[in-house]
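Chemist: Sequence plus predicted model, see below.
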Amino acid sequence: SPQPGTSVTCKAENEDVAQEMVAGSIPPCPGNPERASKQQVWICGQSVVASAEKQASSSRAGSQLGLEETITLEWHGQEDLTWARLVPTLRELAAQGPAPDVLIIHLGEKDLECLRGAQLNAAIKTELALVKELFPQVRILWSNLLLRRRGSGKEGSRTVNRARTLVNLVMGQFIATLGGAVIEHPEILHTDPDFYTDGDNLSCRGLNLFLEDIKCGILAHFHS
């Protein structure tokens, strides 16, 4: 697993995670008291989510991925989002409208710049428990962290990829205990430069595969 960072930002994030882990239970968020006619699906995460939304908006299927007859898909990608900021962000979003029926989370690559894999696993478990307290009826879909492309020129790609693989493995098992499921990205190969523009950012081809995986994950949820 990667070594913890020593920057002020990383230290602040570690303190935020620690505070969340001892914060205790929080009251459920009522959201909009009127039930929405369509299933509300949120996808939250960092830069890959923001890039995927832009890619989807320019595609034939559009930002709703062609599923607009059955769901309302909301994209909430933030470049610097971390697990310490997820629950506060969700509370802010829920105050503006209906709570989600399905919550897709793709988050953690940035956290591994500050935390070891085992530390991040513990923090994520705590945060997901808080998410379930906030939205008791929500089904959480974990989107597997993507591996960093080999040969990107960034040091420690193998170490980072080992940590990301560990997090995916542990979270895949844990999410099942919450009644959730995993969205895998088996065709986005970190060994193939065609899927990336650099070490972590997906190319158009990579983003299209990511969007297809998200769509399949949503459809699998409604047919489960």
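Modeler: Right, received. Where do you want to start?
Chemist: only C-alpha atoms for contact and neighbour calcs from this point on.
Modeler: Will do.
Chemist: Scan this structure for its longest helix.
Modeler: When the chain is parsed with DSSP state H, its longest helix is helix 157-177.
Chemist: Buried residues, the helix or strand just after it. List them.
Modeler: Counting by DSSP states H and E, the next helix or strand C-terminal to helix 157-177 is strand 181-183. For strand 181-183, the neighbour count (16 or more other Cα atoms under 10 Å) marks 181, 182, 183 as buried.
Chemist: okay if I get the residues you listed as TSV plus distance to residue 141?
Modeler: Below are these laid out as TSV (distance: Cα to Cα, whole Å):
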residue	distance to residue 141
181	5
182	6
183	7
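Chemist: which among those gets closest to residue 167?
Modeler: residue 182 (12.3 Å; Cα to Cα).
Chemist: wait, isn't the closest one in contact with residue 173?
Modeler: No: here residue 182 lies out of contact with residue 173, judged by Cα atoms under 8 Å, at a distance of 9.1 Å.
Chemist: just to revisit the earlier point, tell me which residues in the longest helix of the chain are buried?
Modeler: Buried residues in helix 157-177, defined by neighbour count with 16+ other Cα under 10 Å: 157-158, 160-168, 171-172, 174-175.
Chemist: now swap in stretch 198-213 and tell me
Modeler: Residues 198-204, 206-211, 213 are the ones in stretch 198-213 that count as buried (16+ other Cα under 10 Å).
Chemist: Sort those by pLDDT and name the bottom one.
Modeler: In terms of pLDDT, residue 199 ranks lowest among the buried residues of stretch 198-213, with 67.
Chemist: Where does pLDDT dip in the chain?
Modeler: Along the chain, segments meeting pLDDT under 70 span 1-36, 150-156, 199.
Chemist: Could you pull out the strands in it for me?
Modeler: 39-45, 71-77, 102-106, 139-143, 181-183 (DSSP state E).
Chemist: any chance of those strands in TSV, with distance to residue 219 too?
Modeler: Below are those laid out as TSV (distance: least, Cα to Cα, whole Å):
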stretch	distance to residue 219
strand 39-45	11
strand 71-77	10
strand 102-106	11
strand 139-143	12
strand 181-183	11
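Chemist: Okay then, goodbye and thanks.
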